[in-house]
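Peer 1: I need the structure of the sequence given here:
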Amino acid sequence: MSLVTTRLLWCLRQPRLLKNRVLSYSTSSTPRITTHYTVVPRETDSRWKDVPMERFADQADVVIVGGGPAGLSAAIRLRQLCKEKGKDLRVCVIEKSSYIGAHTLSGACIEPRALDELIPDWKEKGSPVKQIVTEDKFSILTETGRIPVPIFRGLPMHNHGNYIVRLGHVVKWLGEQAESLGVELYPGYAASEILYHEDGSVKGVATNDVGIAKDGSPKSTFERGMEFHSKIVIFGEGCHGHLAKQLYKKFNLRANCEPQSYGIGLKELWEVEPAKHRPGKTEHTTGWPLSTTTYGGSFIYHLGEEGQHLVAIGYVVGLDYTNPYLSPFREFQRFKHHPYVAPLLEGGKRIGYGARALNEGGIQSLPRLAFPGGLLAGCSPGFLNVPKVKGTHNAMKTGMLAAETAFEAIANGVTGETKGLHLPEYEQRVKESWVWDELYQIRNVRPSFHSPLGFYGGMMYTGLFAWLLRGKEPWTLSHGAPDYARLKPASECKAIEYPKPDGKISFDLLTSVALTGTNHDHDEPAHLTLKDDSVPVQRNLAIYDGPEQRYCPAGVYEFIDTEDGKAKRLQINAQNCIHCKTCDIKDPSQNINWVTPQGGEGPAYDGM
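Peer 2: Coordinates of the predicted model:
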């Protein structure tokens, strides 16, 4: 056994080391992949020597990063309080997508509780929340059959009183409500950097620079980003936000919680034949095609769009799976051919596709939510209710609580030991809210699937404790190792043979990505950065058979032959990226770091 092989195997058995650092496997023969300034500093690059680097700065009272349900709810609540209390705070929302809602992807069957609190007359204000749930089904699928499971009132899957929506349209409407209250919205501006006061507290954020060539050099069109300073910054980036990752390290926010656990959700929007359309019907399945040791399941929602017979169909796979040959995208395509599912889609037309990572860790994995100068809200820290398959209501509520905390502090002239306001009372508000009660009740459902009984143990646990005892058991289960550390070497796993797509019900990856409308400048540094360019081939490919080429739902990562044909190299097709963040989460070497591309780039979802 060679020294290199021995070292690789030792590293494989030491996942904790990889959490803190990436071992160097660089060689002179490794092709250069990463040119982004976060890895290749401009200070050491002579091409940047005489480039002016000053930035314009603007001042607001509250800056909100992320124009999703949490961020917009926070913005709306802030301006509502201004109107109620006779104050005038400047509130700015910075959103990386080209328009509000363009990066939003969810099932989505939403619980209106938070919306009722935020905008009680939402029905009169033209909200796109219209189709109430009329029918609920839950099934366990075998390879050829279906086992129906009754949904009793009180079970997480009980959806009566909820609404089936296209969440991107709901977010767009929330943006309109925010603007009508005086919120300043800045879509197309990606917050790429956190700014700090001299005392270490958060000062604000800066948007990304533009006009940088693919090789990392400045173009003639280069422009610096803009700085937004504020008394408090609310971070509502969504799952696995790239700024939140930095905050976790800077303020040690994850010191007293478990590693976050994740899933990847893939979704398609279909026009089905009118006779098969049942507006208001929701259906969830688990079981086939996944093994009993892999967490996941499907959703099928019949929308109530006027003049259209639309069905949202999707599949979620827990990213704690162990087989590196598993492809979440191809599992989803295979699922649609099940005898119970295929008839719904036959004769229909797929009109949308997308994917997004989601937090599944629950209360055990929540970081500290407050730090000097900032607050975390929504799916960024992770308030998804996994067995309900819902998080929008919790994201909105935490955004509202963050807004109320920030408003009180600013309106009352609160000061502290740091220039950036430190508001730990926000965490207490969250713990005293119905969000905490809800998540506490179901805290053990997701980790129960790691029991020796696997899938069946989790199902039994959900029925017994989450429904009958409402989470009153005197223990809290652990998620265990982080998702990236759970992959087994390819040599210990069986390759999965997936059927070829038929082009009618199942489709190939690139045809699917074309439906996302994703777009990135071809001449800019890849925003999928590598800490070490040699790791993908010398570790990931050598040990795990290159899992990034399978867990990515957009065909971003490819292992192709080198020019001499004697080896493989990684090719990153950054233009394909749909900003799901799965690569940053599941990479077994934790070598991939997702950073923002230019503002306005990425998918252009229409009501996904």
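Peer 1: from here on, contacts and neighbour counts on C-alpha atoms
Peer 2: Fine.
Peer 1: CA-only coordinates of the host helix or strand of residue 440 in CSV, if you can.
Peer 2: Element membership of residue 440, judged by DSSP states H and E, is helix 434-441. The C-alpha coordinates for helix 434-441 follow below in CSV (Å, rounded to 0.1, in the frame of the first residue of the first chain):
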residue,chain,number,x,y,z
TRP,A,434,-45.5,29.2,19.1
VAL,A,435,-42.5,28.5,16.7
TRP,A,436,-40.5,27.0,19.6
ASP,A,437,-43.5,25.0,20.9
GLU,A,438,-44.1,23.5,17.5
LEU,A,439,-40.4,22.6,16.9
TYR,A,440,-40.0,21.2,20.4
GLN,A,441,-42.9,18.8,19.9
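Peer 1: hmm, who's touching it?
Peer 2: 362-363, 383, 385, 394, 397-398, 430-431, 466, 470-472 (CA atoms under 8 Å, 6 or more residues apart in numbering).
Peer 1: now swap in stretch 84-96 and tell me
Peer 2: With contacts defined as CA under 8 Å, 6+ apart, stretch 84-96 is touched by 60-67, 71-72, 75, 78-79, 81-82, 182-191, 411, 599-601.
Peer 1: cool, stretch 141-153 as well?
Peer 2: Here stretch 141-153 has contacts from 136-140, 157-158, 285-289, 338-340, using CA under 8 Å, 6+ apart.
Peer 1: same check, this time on stretch 411-420
Peer 2: Residues from elsewhere that reach stretch 411-420 (CA under 8 Å, 6+ apart): 87, 197, 199-203, 231-232, 372-374, 421-422.
Peer 1: and if you look at stretch 61-69?
Peer 2: 71-72, 74-75, 89-96, 100-101, 104, 171, 174-175, 187, 191, 204, 228-238, 378, 392, 395-396, 399, 406, 410.
Peer 1: please enumerate the strands of the stretch 201-350 of the chain.
Peer 2: Along the stretch 201-350 of the chain, counting by DSSP state E, counting those that start in this stretch, strands occupy 202-207, 210-212, 218-223, 227-229, 232-235, 262-271, 281-287, 296-302, 310-318, 349-359.
Peer 1: sheet-wise, list the partners of the third one with their directions.
Peer 2: I take that to be strand 218-223. Applying DSSP bridges to the sheet, strand 218-223 is found paired with strand 210-212 (antiparallel).
Peer 1: distance from the strand it pairs with to the middle of the chain?
Peer 2: Remark: strand 210-212 is offset 26 Å from the chain centroid, using CA atoms, centre = their mean, to the nearest Å.
Peer 1: if any of the contacts of stretch 84-96 are buried, give me the ChimeraX selection for them.
Peer 2: Here is the ChimeraX command that selects only those of the contacts of stretch 84-96 that count as buried (16 or more other CA atoms under 10 Å):
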select :60,61,62,63,64,65,66,67,71,72,75,78,79,81,82,182,183,184,185,186,187,188,189,190,191,599,600,601
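Peer 1: among the contacts of stretch 84-96, name the ones in strands.
Peer 2: Among these, the ones falling in strands (DSSP state E) are 62-65, 184-187, 191.
Peer 1: now those in a markdown table, with distance to residue 166?
Peer 2: Listed next are those as a markdown table, based on distance: CA to CA, whole Å:
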| residue | distance to residue 166 |
| --- | --- |
| 62 | 29 |
| 63 | 27 |
| 64 | 23 |
| 65 | 22 |
| 184 | 24 |
| 185 | 21 |
| 186 | 22 |
| 187 | 20 |
| 191 | 26 |
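Peer 1: would you format those residues as a markdown table with pLDDT and distance to residue 568 included?
Peer 2: Output for these, formatted as a markdown table (pLDDT from 0 to 100; distance: CA to CA, whole Å):
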| residue | pLDDT | distance to residue 568 |
| --- | --- | --- |
| 62 | 98 | 49 |
| 63 | 98 | 45 |
| 64 | 98 | 43 |
| 65 | 98 | 39 |
| 184 | 98 | 48 |
| 185 | 98 | 45 |
| 186 | 98 | 42 |
| 187 | 98 | 40 |
| 191 | 98 | 35 |
